[in-house]
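J.: Okay, structure incoming, though there's no sequence with it:
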């Protein structure tokens, strides 16, 4: 068994965070909330950046015990073809969306690297910011994605507890704990600008997972100083496979984790998806979260389906159930009532491409051997 | 008349306002008006031609009497900043470009090497280049040499509200500079803006302190008054500071006087 990287057990970094996460913490939840709110306001102002997921394919080769798309689930499988993607993009643009996250399952013949790369290229024609949540790739594959307009990747470790991880990921490429752990580093090495990290709360001890997640963020920040980073807080919801989370996380603990992360990482984007309820999302908006998904569909082809209401019946089940099902308009109105500006576009196409610098390129040229 | 001169442009207001972080475009526009700012910066990435409600450029261009200075916030390399500057000039028609290159999107510290390179290229192309930099006196002179219209050293980290933490370096930059020095970033209160003006800055740029204030337009006005007061004080000539009482001359009386 290969050994775990040293940073994963580096406790020096996490003393303060551990104290905040402890339920016996001397700081009350209310104190943490006040501090978190002040830090969020100072660094991010009264704004919330918005994105939406676009499911390209629900084919999958892995057997994650908790996932509605796992390869042993009996369900119709499909992928979007180029024209479908264009239609979905058009439907999303009508909602105002300009920042999207493309999703697939683990690598399969139906949805492989070439398919993903083609899909990104199509999306990048329409959207200034395109991120990807798919399967782990090699450095050169990530470089190719960056070249065709991929700004960021999201890759959750799900849990940093290796034993739990190996039990939950029953088969398939995702079973390799270390390979997944090293994926964000490979993406940054390949010139991807931002990485989104997270744990799937509910799978394992949430406080231990939160501390490991923090160590991962700090480790990447030290190693790749240009890296943009975001942290998400997905919490297990009832899945189509009927999986019951063994370590359920209640609202109070989730709020505590978010506040503690804001205080420990004042400059990092913190993300909350539509897995969470409208009440919880509205409440967390000014208090620490700076990026949210809107009007999400977790089915393949979901945006066009909801335009054509008659197709709604008999559609697939998504990867997980949406809790906040408000429309983009309703959601933005709720933000505005709180004096927070919804921001749809916060990126420029001209900032895409691999993050190489002029001076580094000059240095590289100079290093070429002379003939 | 005492005006801020940048290139061939003259501004009677020495307060430059940033437009990010506001709760909505209406409050932002009110704050701009209340500040009396004539030069206003806006991030190219917040231009949204497809959705008017999400666009900052539209509401700003409707304000009379201001000049827009697009910025390249979000760029992490010189190449990206140069591309962004071209697009910004095309969309806004403004000759000003605030070069803002922060390769680390967490702390937003400006990259001196990429900023120098982008500024050199853009100045050559005829832009009025306003680079956002760390308070580095040597870098400031290097940027002046390549034709920048001003330098914009930070008072402290963006959005930190730590005020003029770099004042020692700012003093050197101001003393040595042949182009306007504009303090950008870190100011929290109007008194800090007044202090920067008393030090001899030609202008200050404020964003967070106004945007996240309880009443942004009122805070914008307060900054405008502080900047005007600080400038007036600078022009009037501040009394010399001394750390010692100098009533008599016990140390040098042995030298005799006349």
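T.: Received it, and whenever you're ready, just let me know what you need. Nothing here was measured: the structure is a model prediction, and the numbers come from that model. Residues are numbered from 1 along each chain as shown, chains lettered A, B, ... in the order given.

J.: For the spatially closest residue to residue B:154 that is not a sequence neighbour, which residues are in contact?
T.: Among residues not flanking residue B:154 along the chain, residue B:185 sits closest, at 4.1 Å (CB to CB, 6 or more residues apart in numbering or on different chains). Bear in mind the C-beta positions are built from the backbone N, C-alpha and C, glycine included. Residues near residue B:185 by CB atoms under 8 Å, 6 or more residues apart in numbering or on different chains: B:132, B:154-160, B:205.

J.: let's go with 7 Å and repeat that
T.: Residue B:185 makes contact with B:154-158 under the criterion CB atoms under 7 Å, 6 or more residues apart in numbering or on different chains.

J.: Next: residue A:93.
T.: residue A:126.

J.: That one - that's part of a helix, no?
T.: Yes. Counting by DSSP: H, G, I helix; E, B strand; the rest coil, residue A:93 falls inside a helix.

J.: Please report phi then psi for residue A:151.
T.: Main-chain dihedrals, residue A:151, degrees, to the nearest 10: phi -90, psi -40.

J.: Model confidence score at it, please.
T.: For residue A:151, the model assigns a pLDDT of 93.

J.: could you pull out the helices for the chain?
T.: The chain I'm using is chain A. A:15-21, A:29-44, A:82-94, A:113-126, A:139-147, A:162-168, A:177-181, A:183-189, A:206-223, A:251-264, A:278-285, A:302-307, A:328-337, A:358-367 (DSSP state H).

J.: wrong one, chain B
T.: Using DSSP H, the helices assigned to chain B run over residues B:25-35, B:57-61, B:78-92, B:112-124, B:137-145, B:167-176, B:190-199, B:208-211, B:216-236.

J.: Return the list of helices and strands in contact with the longest strand belonging to chain A.
T.: In chain A, ranked by residue count with DSSP state E as the criterion, the top strand is strand A:47-55. Contacts defined by 3 or more CB pairs under 7 Å, 6 or more residues apart in numbering or on different chains; DSSP states H and E place strand A:47-55 against helix A:82-94, strand A:99-103, strand A:291-293, strand A:341-343.

J.: repeat that with 10 Å
T.: helix A:82-94, strand A:99-103, strand A:129-133, strand A:269-272, strand A:291-293, helix A:302-307, helix A:328-337, strand A:341-343 (3 or more CB pairs under 10 Å, 6 or more residues apart in numbering or on different chains; DSSP states H and E).

J.: ok, back up a step: which of the helices of chain B has the lowest mean pLDDT?
T.: helix B:57-61 (a mean of 85).

J.: is chain A contacted by that one?
T.: No. Counting by CB under 10 Å from any CB of the partner chain, no contacts exist between helix B:57-61 and chain A, the nearest distance being 10.9 Å.

J.: hang on, the earlier thing: I'd like the helices and strands packed on strand A:47-55 written out as CSV, with mean pLDDT added.
T.: Putting the helices and strands packed on strand A:47-55 into CSV (pLDDT from 0 to 100) gives the following:
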stretch, mean pLDDT
helix A:82-94, 94
strand A:99-103, 95
strand A:129-133, 96
strand A:269-272, 96
strand A:291-293, 95
helix A:302-307, 76
helix A:328-337, 94
strand A:341-343, 94
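
J.: Let's have those in CSV, adding distance to residue B:99.
T.: Below are those laid out as CSV (distance: least, CB to CB, whole Å):
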stretch, distance to residue B:99
helix A:82-94, 31
strand A:99-103, 24
strand A:129-133, 22
strand A:269-272, 24
strand A:291-293, 26
helix A:302-307, 38
helix A:328-337, 32
strand A:341-343, 23
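
J.: who in the stretch 151-300 of chain A is up against chain B?
T.: Contact residues (CB under 10 Å from any CB) of the stretch 151-300 of chain A with chain B: A:193-194, A:217, A:221, A:224-230, A:265-269.

J.: now, among the residues you listed, which is nearest to residue B:86?
T.: residue A:193 (20.5 Å; CB to CB).

J.: contacting residues for the closest one?
T.: A:129, A:131, A:146, A:150-153, A:187, A:226-228, A:347, A:351-355, B:74, B:76, B:103, B:105 (CB atoms under 10 Å, 6 or more residues apart in numbering or on different chains).

J.: Chain neighbours aside, what residue packs nearest to the residue of the stretch 1-150 of chain B found nearest chain A?
T.: Residue of the stretch 1-150 of chain B nearest chain A, by CB to the nearest CB: residue B:21 (2.2 Å). The shortest distance from residue B:21 to any non-neighbouring residue, by CB to CB, 6+ apart, is to residue A:45 (2.2 Å).

J.: Let me know the pLDDT of the one you found.
T.: On the pLDDT scale, residue A:45 gets 92.

J.: I'd like the distance between it and residue B:190.
T.: Going from residue A:45 to residue B:190 by CB to CB, to the nearest Å gives 19 Å.

J.: more neighbours, these two?
T.: When residue A:45 and residue B:190 are compared for neighbours, residue B:190 comes out ahead with 24 against 21, by other CB atoms under 10 Å in any protein chain shown.

J.: The more buried one is in contact with residue B:230, isn't it?
T.: Yes. Taking contacts as CB atoms under 10 Å, residue B:190 lies within contact range of residue B:230: 9.1 Å.
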